[in-house]
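Asker: Using only what follows, build the 3D model:
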Amino acid sequence: MLTKARILPEPEDIETLPTDAELLVFSGFTSGELNQFISLLHKRGVKIPLKCVETAQNKKWSLRKLYDELSKEHEQLNKG
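Answerer: This next block holds a predicted model:
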């Protein structure tokens, strides 16, 4: 049986984010599970532009730093 854990950030970390901030962090998913989940999001019309897989480096970051890094990356990837 596969169990996913959800870790919540500190309240003060959340308070530093923009009120409309949305991001999705995947942890403990196999490649197949991740692809299936993202496919389901697309089929359901769920749009969360800031997504990442937890890594040894980014799991040490504050939620604010993660949000800022994902925002920069998203902006760079979508520059026209």
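Asker: Find the nearest non-adjacent residue to residue 37, please.
Answerer: Spatially, and ignoring its direct neighbours in sequence, residue 37 is nearest to residue 29 (6.9 Å; C-beta to C-beta, 6 or more residues apart in numbering). All C-beta atoms are positioned from the backbone trio N, CA, C, and that covers glycine.
Asker: my guess is that neighbour contacts residue 38, does it?
Answerer: No: counting by C-beta atoms under 8 Å, residue 29 does not reach residue 38; the two are 9.7 Å apart.
Asker: chain center to the top helix by length along the chain, what's the gap?
Answerer: Secondary structure of the chain per DSSP state H: the longest helix is helix 63-77. Remark: helix 63-77 is offset 10 Å from the chain centroid, using C-alpha atoms, centre = their mean, to the nearest Å.
Asker: Run through the neighbouring helices and strands of it.
Answerer: For helix 63-77, the elements it packs on are helix 11-15, strand 51-53, judged by 3 or more C-beta pairs under 8 Å, 6 or more residues apart in numbering; DSSP states H and E.
Asker: Contacts for the shortest one next, please.
Answerer: With C-beta atoms under 8 Å, 6 or more residues apart in numbering as the test, strand 51-53 has contacts from 23-27, 29, 34, 38, 58, 66, 70.
Asker: same thing but 7 Å
Answerer: 23-26, 58, 70 (C-beta atoms under 7 Å, 6 or more residues apart in numbering).
Asker: Cross the residues you listed against strands and list the overlap.
Answerer: 24-26 (DSSP state E).
Asker: State the helix or strand in which residue 40 lies.
Answerer: helix 31-43 (DSSP states H and E).
Asker: Against residue 32, how distant is the closest residue to residue 71 other than its chain neighbours?
Answerer: Of all residues not flanking residue 71 in the chain, residue 50 sits nearest, at 6.5 Å (C-beta to C-beta, 6+ apart). Applying C-beta to C-beta, to the nearest Å, the value for residue 50 to residue 32 is 23 Å.
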